[in-house]
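Student: One predicted model, sequence on top.
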Amino acid sequence: MLMRRRSFLKLGLLGACALAAGGAAYRVLRGPAAPGRFALDGEARAALAAIVPAMLGSALPPPQAAARAAALDGAIAGVDTAIRGLPLAAQQEVQDLFGLLALAPARRFVAGVHGGWPGADPAQVAAFLQSWRTHRLATLQTAYLALHDLILGAWYADAAHWAAIGYPGPLPELSA
């Protein structure tokens, strides 16, 4: 099906409005926080607990391993730290993204996750991420890239995960 330019522009505008409305509603429902600062709350953590395994795949311990819960918590804490290191404008954009993922109607429409994040099927989460990665709307591709970069950046910022990718660590300082 070919999409006309006007339809494409309307769809892009609708996606941008949905993202902004989701973020605004999320900020209103979340209550007051430090001015301009974003911190992960329960809904955002639940979304990440479903998204992180889909992003990291086999880098996480197997589902039945006791270390998986600790690794998942560590990854989510790393994402939280990474978000706090972003400029305030970028934190606001990440907040809008998590607002969109937290609101049930938006989550169903944009991510295709019909139940809450805690009960999300891993295959369904992987499918939504893949659809965002290859979506024709740049807004959803950007949202995917933000999640990807936050999660993988936080994971591999931890020196405990460097060996898995063959990174020996930073070179020692050379003395003159």
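Tutor: Thanks, I have it. These numbers come from a predicted model, not from an experiment.
Student: And what about V110, helix, strand or coil?
Tutor: helix (DSSP: H, G, I helix; E, B strand; the rest coil).
Student: so how far is S58 from the nearest residue to it once chain neighbours are set aside?
Tutor: Leaving aside its chain neighbours, V110 sits nearest to L100 (6.1 Å; criterion: C-beta to C-beta, 6 or more residues apart in numbering). From N, CA and C alone the C-beta is placed, and that goes for glycine too. From L100 over to S58 the distance is 28 Å, taken as C-beta to C-beta, to the nearest Å.
Student: Which residue of those two possesses the greater neighbour count?
Tutor: L100 (24 against 8; other C-beta atoms under 10 Å).
Student: wait, what's in contact with the residue nearest in space to the middle of the chain?
Tutor: Centrality entry for the chain: nearest residue to the mean C-alpha point is L147, 3.2 Å, by C-alpha atoms, centre = their mean. Neighbouring residues of L147 by C-beta atoms under 8 Å, 6 or more residues apart in numbering: I51, M55, L97, L129.
Student: Select, from those, the two members most distant in space.
Tutor: M55 and L97 (14.2 Å; C-beta to C-beta).
Student: unless I'm mixing things up, Q124 is touching G115, no?
Tutor: No: contact between Q124 and G115 fails when scored by C-beta atoms under 8 Å: they sit 9.2 Å apart.
Student: Can you show me the CA trace of whatever helix or strand T139 lives in as CSV?
Tutor: Per DSSP states H and E: T139 is located in helix 138-157. The C-alpha coordinates for helix 138-157 follow below in CSV (Å, rounded to 0.1, in the frame of the first residue of the first chain):
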residue,chain,number,x,y,z
ALA,A,138,11.2,8.6,12.4
THR,A,139,9.7,9.4,15.8
LEU,A,140,9.3,5.7,16.6
GLN,A,141,12.7,4.9,15.2
THR,A,142,14.2,7.6,17.5
ALA,A,143,12.3,6.2,20.5
TYR,A,144,13.7,2.8,19.7
LEU,A,145,17.2,4.2,19.4
ALA,A,146,16.8,6.0,22.7
LEU,A,147,15.8,2.8,24.5
HIS,A,148,18.5,0.9,22.8
ASP,A,149,21.3,3.3,23.6
LEU,A,150,20.2,3.8,27.2
ILE,A,151,19.9,0.1,27.9
LEU,A,152,23.0,-1.1,26.1
GLY,A,153,25.0,1.9,27.2
ALA,A,154,24.1,1.3,30.8
TRP,A,155,24.8,-2.4,30.6
TYR,A,156,28.2,-2.1,29.0
ALA,A,157,29.2,0.8,31.1
